[in-house]
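Dropping a prediction and its sequence here:
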Amino acid sequence: MAGTGREAGAAENTGFEDLSDSEFPDFSELGDIEELGSSLGNPRKEVDAQGPWKRKREADAPTPMERFHLGCLWVSDLSTQSWCEQQMVYRKERPGFPSAEKAAVLDAGASIHLARELELHDLVNIHTSTKEDAWAVKLLNVLSMVPVLQSGGTIREFPVFGEIEGVFLVGVIDELHYTSKGELELTELKTRKRAAMPLAAQKEKDRFQVSLYKCIFDAMVWGQVTSASLVHHMKLSPEMLLGPQVHSHARQGGFTVMSFGDLLELTFLSLSLSDLPVIDALKIEYSHQETGTVLGTEMVVFEEKQVRDKLRHHLGYWTGLREPRGVDVKEAWKCRMCDYAAICEWRQSGGTRTLSHEQHAKKMTK
Ligand code: SF4
């Protein structure tokens, strides 16, 4: 599988990280104990989900997607959003804020994912300098993995992308394989610093993540994701010639392509002819970072309506239909290990802040 060695300036808005996006900080770990006690660090009142947070966007006000210059959303962002929307917004606005401890947890998780990926295939680092090249590498990975899956094999770090509910979503599936019953199963690896299974809130966030992967993957194999949609949302130029290293990698893989458009056509043709099944089963495996011990597995029941309702609610923030929300009073324990607790306006106001996007954006740029 190929990974990108992009120049810094070309990294924006490609929509992918090279490794799985499953190892974004597990903000909940420190909170497992807190959740049991559900203690309140700051008294607040419950707020109506449709109350002061619902708003009409002013005609020329940028939506959060525009303000953050996003052509797509990562599944990992949506998953973090389901933990605490306000926290996810702070992470976007203030990257690099998380503590050294959380960064170390993240690094350890990423290393474990990399080791698992290397069990199945070598990694090739490819220099890219344009977003078309960065996407080309992802498409080449799709092209190389589809036949493996078709022949009954196991694949890891499979890129998924597509327009769902009007927004382009991207992600990376940890593993896809067939069970002894012949079902296509997605396995998501979650590593934990503490040698204990997560409690309900973390599991809910993880269930949402894998359910979104299924929505996107199924749309890809059903032919509902189009090259035109990818080009449109990510503002790509099909006529762009592939860079030398990408071109060489494509040739070594047996693909005769010159431009990004050639590769797009080939990838979508391959997907449409592949006859791959949809994902039948969703499994989350929790393991201990230090020892590698499997702590437990969760089988997720895919409930499409609930997943889509939740997704639409999350997208309401991104598309400017409503303000970001922090946690409700019953989840106030999350604030106690949040990196942004000291600056969080939602927390400080007891959940009654009413800053508009524009006011908030202005504050952040001061
Ligand atoms: S302090 Fe609480 S409400 Fe504010 S961002 Fe953190 S978890 Fe969310």
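Right, received. Where do you want to start?

Now do the longest strand along the chain: which elements does it pack against?
Identified as the longest strand of the chain according to DSSP state E is strand 167-178. Where contact means 3 or more C-beta pairs under 8 Å, 6 or more residues apart in numbering; DSSP states H and E, strand 167-178 is packed against strand 73-74, helix 75-83, helix 100-120, strand 155-164, strand 184-192, helix 200-221, helix 227-234. C-betas here are computed from N, CA, C, even on glycine.

looking only at pLDDT, what's the mean for that strand?
The average pLDDT for strand 167-178 rounds to 97.

Low-confidence ranges, the chain, go.
1-59, 96-118, 120-122, 352-366 (pLDDT under 70).

Pretty sure residue 61 sits against residue 320.
Yes - at 6.8 Å, residue 61 counts as touching residue 320 under the criterion of C-beta atoms under 8 Å.

neighbour count winner among those two?
residue 320 (19 against 15; other C-beta atoms under 10 Å).

any idea how far residue 250 is from the residue lying closest to residue 177 once chain neighbours are set aside?
Using C-beta to C-beta, 6 or more residues apart in numbering and skipping residues adjacent in sequence, the residue nearest residue 177 is residue 154, 4.0 Å away. Between residue 154 and residue 250 the computed distance is 24 Å (C-beta to C-beta, to the nearest Å).

distance between the ends of stretch 246-264?
Taking C-alpha to C-alpha, to the nearest Å, the first and last residues of stretch 246-264 lie 14 Å apart.

For it, what is the distance to the chain centroid?
27 Å (C-alpha atoms, centre = their mean, to the nearest Å).

outside of that stretch, which residues touch it?
2, 124, 126, 128, 132-133, 135-137, 139-140, 143-144, 227, 230-231, 236-242, 266 (C-beta atoms under 8 Å, 6 or more residues apart in numbering).

at 10 Å instead, please
2, 4, 124, 126-137, 139-144, 226-228, 230-231, 236-243, 265-267, 270 (C-beta atoms under 10 Å, 6 or more residues apart in numbering).

Does residue 170 touch residue 162 like I think?
Yes - taking contacts as C-beta atoms under 10 Å, residue 170 lies within contact range of residue 162: 8.3 Å.

Comparing those two, which residue is more hemmed in?
Remark: of residue 170 and residue 162, residue 170 carries more neighbours, 26 against 23, as counted by other C-beta under 10 Å.

For the more buried one, list each beta-bridge partner.
residue 74, residue 161 (DSSP bridges).

What's the local residue count around residue 277?
Around residue 277 there are 14 residues (other C-beta under 10 Å).

quick revisit: dihedrals phi and psi, the residue nearest to residue 177?
phi -110, psi 140 (degrees, to the nearest 10).

can you give me the strands in this protein?
Using DSSP E, strands in the chain cover 2-6, 73-74, 124-128, 155-164, 167-178, 184-192, 281-288, 294-300.

what packs against the third one?
The elements that strand 124-128 packs onto, with contact taken as 3 or more C-beta pairs under 10 Å, 6 or more residues apart in numbering; DSSP states H and E, are strand 2-6, helix 131-150, helix 244-252.

Just name the most buried of those.
helix 131-150 (a mean of 22; mean count of other C-beta atoms under 10 Å).

Tell me the bridge partners for residue 294.
residue 287.

hang on, the earlier thing: give the residues shared as contacts by residue 170 and residue 162.
Going by C-beta under 10 Å, 6+ apart, residues that sit against residue 170 and also against residue 162 are 72, 216, 230, 233.

what two of those residues have the greatest distance between them?
The most widely separated members of the shared contacts of residue 170 and residue 162, counting by C-beta to C-beta, are 216 and 233 (13.1 Å).

neighbour count winner among those two?
Set residue 216 next to residue 233 and count neighbours by other C-beta under 10 Å: residue 216 wins out with 23 against 20.

my read: residue 145 touches residue 172, true?
No - applying C-beta under 10 Å, one finds residue 145 not in contact with residue 172, separated by 11.4 Å.
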